[in-house]
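[1] test case, fold it:
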Amino acid sequence: MPRYEVLSHTADTGIVASGASLAEAFENAAFGMFDLVFDLSGIAATEEYRVEVEAESLGELLVAWLSALLTEAEIRGLAFARFVVEEPAGGSLRGAAWGGSAAGMELRGPPVKAVTYHDLAVESAPGGWRARVIFDV
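    Okay, here's the model as predicted:
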């Protein structure tokens with residue numbers, strides 16, 4: 001099962017992330033978001049950022065998680081490449097991301113400006129979970 005697949009979209013970019021668990025699907029969605037923009041294979045993931053978010057639904061929780069990562073990456077000039085999520089429960093998520101400086105890195109694709117609610121879905125699937133999200137680029 002691939003970590004994520006790119007979705008065709010007329011103006012923006014989207015992904016469907018998969019995982020054996022809900023936590024793994026959220027981790028892979030974060031990886032996919034940053035991998036669309038940067039080649040993450042050469043990142044020394046030494047900078048840590050801890051995330052705690054709350055939301056009323058799994059979809060909103062995914063948007064909150066990805067938005068927190070995107071905001072922190074922009075503020076600190078980082079590209080995150082490794083992610084750990086504790087199994088989301090009760091409308092909350094705790095996790096962490098590790099990354100390195102994005103300064104001087106060539107862009108693989110257009111920068112992600114925001115995580116959207118358009119066509120958002122988090123659902124169980126055969127063999128695990130799938131998370132679909134569209135990014136404003």
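[2] off-centre distance for stretch 11-22?
    In this view, stretch 11-22 has its centroid 8 Å away from the chain centroid, taken as Cα atoms, centre = their mean, to the nearest Å.
[3] go on, stretch 77-93?
    The gap between the average C-alpha position of stretch 77-93 and the chain average comes to 8 Å, counting by Cα atoms, centre = their mean.
[4] mean confidence score for it?
    The average of the pLDDT scores along stretch 77-93 is 94.
[5] low pLDDT regions in this protein?
    For the chain, applying pLDDT under 70 flags the ranges 1.
[6] centroid residue for it?
    The centroid of the chain falls nearest to residue 30 when counting by Cα atoms, centre = their mean (1.7 Å).
[7] which SS state does that residue fall under?
    Three-state secondary structure (criterion: DSSP: H, G, I helix; E, B strand; the rest coil) places residue 30 in helix.
[8] now it: closest residue in space that isn't a chain neighbour?
    In space, not counting the residues next to it along the chain, residue 30 is nearest to residue 83; the distance is 4.5 Å by Cβ to Cβ, 6 or more residues apart in numbering. Bear in mind the C-beta positions are built from the backbone N, C-alpha and C, glycine included.
[9] got a list of what the closest residue to residue 38 other than its chain neighbours touches?
    Once flanking residues are discounted, residue 38 sits nearest to residue 79: 4.5 Å by Cβ to Cβ, 6+ apart. Taking Cβ atoms under 8 Å, 6 or more residues apart in numbering as the definition of contact, the neighbours of residue 79 are 34, 37, 38, 40, 43, 73, 99, 100, 101, 102, 105.
[10] ok, residue 79 to residue 114 distance?
    As judged by Cβ to Cβ, to the nearest Å, residue 79 and residue 114 stand 17 Å apart.
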